[in-house]
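predicted model and sequence follow; I will ask about them next.
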Amino acid sequence: MLRVIFSSVLVMVSCGLAANAAFAETPAEVLAEIKADASATPGFQGFSAAHGEAFFKAKHSHDLSCSSCHTDNPAAEGKHAETDKLIKPLAPAANAERFTDMKKVKKWFKRNCNDVLDRECTPQEKGDFLSYLLTVKK
Amino acid sequence: MLFDSKIFNRMFVVVMLLLGATMFLSQVANARGDDDEDTGKRPAVVDAKWAAECTACHVAYPARYLPAESWRAIMAGLNKHFGSDASLDAQSVKEITAYLEKNASTKKHKILKDPQLRITETRWFKSEHREVAARSWKNPKVKSPANCSACHTKAESGDFSERHVKIPK
């Protein structure tokens, strides 16, 4: 009897885990989705982590850069420039939750690009950016 | 082998039960956290989506501090949210607006053509904070009157009661 209960609990828990896993993506998969977008642009020649790093640190509109909130080190904790709210590290090496949900990735690219660049980012910029973050070590 | 897996299974069940109990207790604690004097002890109703989305950038400003028409105006202009793009998908906007409307302030107030969007500009806020010295507002640790948690040490959990206020020096 006990064994039946234990095994049914195990089955339920593993079903739950499987359901969760079905939603999660890996940063590599997210990058592949961005790449599929970027490939549609004529002359696309792949992503560059070096360009991504320059983009991350460069001041854009309103004297803002990505590092204004995320600091110069994407593996470090940041702080919202306006509200001081803590921002968890952006680099997947330092925060496993990052870039595992395409919906969330799209939401934040839209918001932050509009705030920092006054426009949406191009697939090339997004791909360079994520390629750079993936090279950042903890 | 059989023995091992039995122990493992048992441990698993114990861990799951403990997890459940912790979640239950933290909910009870949250429910008790709201003892705000200003609105006649309404229980804190918390919506998971509201909490997750709004606290991504700032303290979860309680719905009860603005009337429904203010929240509707705020939610209709998320792409220009106090100088930031805070846009959300249509479904989330709908759900969060419904939650805010339902829990908004019901105090009598003038219906303005342009609803008040900042809690800090309401008469109620100004009157509640009239004893706060000018130098405290200027303290860089406070930074802005919208930065509730600078002084309200339990603001994150929706508790703004006076006994948890600590004004930074």
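Received it, and whenever you're ready, just let me know what you need.

could you pull up the residues touching the residue nearest the centre of chain B?
In chain B, the residue lying closest to the centroid (C-alpha atoms, centre = their mean) is residue B:60, at 2.8 Å. With contact taken as C-beta atoms under 8 Å, 6 or more residues apart in numbering or on different chains, residue B:60 is in contact with B:50-51, B:54, B:156, B:158. For glycine as for every other residue, the C-beta is placed from the backbone atoms N, C-alpha and C.

three-state assignment of it?
Put simply, residue B:60 is coil when judged by DSSP: H, G, I helix; E, B strand; the rest coil.

tell me which helix or strand of chain B sits lowest on mean pLDDT?
Scoring the helices and strands of chain B by mean pLDDT, DSSP states H and E places helix B:2-33 at the bottom, with a mean of 61.

got the contacts of residue B:60 as JSON lines, with neighbour count and pLDDT columns?
JSON lines is the format used below for the contacts of residue B:60 (neighbours: other C-beta atoms under 10 Å in any protein chain shown; pLDDT from 0 to 100):
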{"residue": "B:50", "neighbour count": "20", "pLDDT": "96"}
{"residue": "B:51", "neighbour count": "14", "pLDDT": "94"}
{"residue": "B:54", "neighbour count": "16", "pLDDT": "96"}
{"residue": "B:156", "neighbour count": "12", "pLDDT": "89"}
{"residue": "B:158", "neighbour count": "21", "pLDDT": "90"}
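
quickly check the residues you listed for the two that are furthest apart.
Pairwise distances across the contacts of residue B:60 peak at 14.1 Å for B:50 and B:156 (criterion: C-beta to C-beta).

for the residue minimising distance to the centre of chain A, what is the enclosing helix or strand?
With distances taken as C-alpha atoms, centre = their mean, residue A:99 lies nearest the centre of chain A, 3.3 Å away. Using DSSP states H and E, residue A:99 sits in no helix or strand.

and the pLDDT for it?
As predicted, residue A:99 sits at a pLDDT of 97.

any idea how far the residue nearest to the centre of chain B is from residue B:119?
From residue B:60 across to residue B:119, the span is 12 Å (C-beta to C-beta, to the nearest Å).

could you do residue A:119 as well?
31 Å.

comparing those two, which shows the higher neighbour count?
residue B:119 (17 against 10; other C-beta atoms under 10 Å in any protein chain shown).

give me the spatial nearest neighbour of the more buried one, chain neighbours excluded.
residue B:65 (4.7 Å; C-beta to C-beta, 6 or more residues apart in numbering or on different chains).

got the contact list for the one you found?
Contacts of residue B:65 by C-beta under 8 Å, 6+ apart are B:105, B:119, B:122, B:124-125.

which of those residues count as buried?
Taking 16 or more other C-beta atoms under 10 Å in any protein chain shown as the criterion, what is buried in the contacts of residue B:65 is B:105, B:119, B:122, B:125.

mind checking which of the residues you listed are in helices?
Among the buried ones among the contacts of residue B:65, the ones falling in helices (DSSP state H) are residue B:125.

can you redo the buried ones among the contacts of residue B:65 as CSV with distance to residue B:167 and pLDDT?
Shown next, in CSV, are the buried ones among the contacts of residue B:65 (distance: C-beta to C-beta, whole Å; pLDDT from 0 to 100):
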residue, distance to residue B:167, pLDDT
B:105, 25, 94
B:119, 18, 97
B:122, 21, 94
B:125, 16, 96
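
of all the buried ones among the contacts of residue B:65, which comes closest to chain A?
Nearest to chain A among these is residue B:119, at 13.6 Å by C-beta to the nearest C-beta.

spell out which parts of chain B neighbour chain A.
Contact residues, chain B versus chain A (C-beta under 8 Å from any C-beta of the partner chain): B:6, B:9-10, B:12-13, B:16, B:55-59, B:79, B:82-89, B:143-144, B:146-147.

change it to 7 Å
B:9, B:12-13, B:16, B:57-58, B:84-87, B:143, B:147 (C-beta under 7 Å from any C-beta of the partner chain).

show me which pair in those residues is furthest apart.
Within the residues of chain B next to chain A, two members stand farthest from each other by C-beta to C-beta: B:9 and B:143, at 52.2 Å.
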